[in-house]
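Enquirer: Quick one: sequence plus predicted model below, questions after.
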Amino acid sequence: MRPQGGHLFLRLIGMALLAWLGGALGKSLAYLGAYPEKYAVVLFGLLGALVGLVLTPYIVLPPLNYIRRRIVELPAQTVWAGILGMTLGLMVSALLSVPLRLLPSPLSETLTLVAHLLLGYLGAFIFVARQNDLAAFMTTFRRLGQPAASGAPGQSPWVYVVDTSALIDGRIVDMARLGFLQGTLLVPRFILTELQGIADALDGDKRRRGRRGLDMLRELQSIPSVEVRITDMDVPDEREVDRKVIALAQRLGAQVLTTDYNLSQIARLHQVRVLNIHDLAKIMQPPVLPGERLTLSISQAGKGADQGVGFLPDGTMVVVEGGRDLIGSKAEVQITKVLQTTGGRIVFARPISSARSRS
């Protein structure tokens, strides 16, 4: 194997280092009386220089190449997190070394070196392990520095803490794909744990809902208009998942993205902004006003003795008074009343012939 030109400098360093080590070894052997000192130092020094010149690239380059490949493969976020953590760790160790220097030698030098190595490593390790949280915090901090479009002061309209119900519902995928949902979606680890528990449930329906939530999360991660971050941030003081979501959103100044009515109400009581997908769907329903006429397919009987029930294209239920005899057919009806409930709208109507006869 012919050495590359770049290996020459490495060979010279290895030759000089091993020549010095060989000379030191020869001097030690001469001190023990095994060899004359002058010959031992020269002999072992030349032997060390020869070994360093020949073998240094083959000993040093494989681990160096491995480290270089690993560094190249690491995401930039991980590298910067490690550098930042190591820098902060060394800063703390520099402060700690001031009192350590007051100790007697060699204890002061030894403990100072240990502090530098240990705190530098711990800083890099902690920041790399929590890099997702660090990135989420920096994103939130950057968003908070921008003027808020609306809502309470200090809350960012573009950072959302995603609830389990919103992932299972799945409509956020369509909202994000169409550009109606942009920004950063934070998915706490405790939400993933809850979703995984649902996906592993014995009940078939719950298992399908949990797997659907995991599928929706994977789809969200593939949409470029939103940034999905899995965060390890937690609220240990709270045990219930809903309260953890609200407390985390409060801490970050973020919004809660959910379909859970009770969670929405509690979050609003805590002055946390909520984007409830059900509420959004309600306001997107086309308006239906009393007196309006439309053609409706009456598909089933209502609770009243003479009621029939049909549905608008958006799924709104229409109760047709006197429409039981029209089940299975299409009829022209006139809207008489519209009720807005927490579960959605309920529309009441009468067949046109009945409406005319009563007028």
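Expert: Structure received.
Enquirer: Longest strand in this structure, by number of residues?
Expert: strand 329-341 (DSSP state E).
Enquirer: how about the helices of the stretch 201-350 of the chain, start to end?
Expert: 204-221, 241-252, 261-269, 277-284 (DSSP state H, counting those that start in this stretch).
Enquirer: Which strands and helices lie in contact with the third one?
Expert: Under the contact criterion of 3 or more CB pairs under 8 Å, 6 or more residues apart in numbering; DSSP states H and E, the helices and strands touching helix 261-269 comprise helix 241-252, strand 255-258, strand 274-276. Bear in mind the C-beta positions are built from the backbone N, C-alpha and C, glycine included.
Enquirer: Please work out which residues outside the longest one touch it.
Expert: The list of residues contacting helix 241-252 from outside it, by CB atoms under 8 Å, 6 or more residues apart in numbering, reads 136-137, 140, 156, 159, 161, 163-164, 186, 188, 190-191, 194, 233-235, 237-238, 254-256, 258, 260, 262-263, 266-267, 270, 272.
Enquirer: Now do it: distance to the chain's middle.
Expert: Centroid displacement of helix 241-252 relative to its chain, using CA atoms, centre = their mean, to the nearest Å, is 15 Å.
Enquirer: what do you get for stretch 311-331?
Expert: The answer for stretch 311-331 is 46 Å, by CA atoms, centre = their mean.
Enquirer: what's the answer for stretch 239-251, then?
Expert: 16 Å.
Enquirer: contacting residues around Val228?
Expert: By CB under 8 Å, 6+ apart, Val228 lies in contact with Thr184, Leu185, Val187, Leu217, Leu220, Gln221.
Enquirer: Select only the buried ones of these in PyMOL?
Expert: Only the buried entries of the contacts of Val228 go into this PyMOL selection, using 16 or more other CB atoms under 10 Å:
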select buried, resi 184+185+187+217+220
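Enquirer: Can you pick out the most distant pair from the contacts of Val228?
Expert: Using CB to CB, the contacts of Val228 reach their maximum pairwise distance at Thr184 and Leu217, which is 14.3 Å.
Enquirer: sorry, back to before: so which elements touch the longest strand of the chain?
Expert: For strand 329-341, the packing partners by 3+ CB pairs under 8 Å, 6+ apart are strand 293-301, strand 317-321, strand 344-351, helix 352-358.
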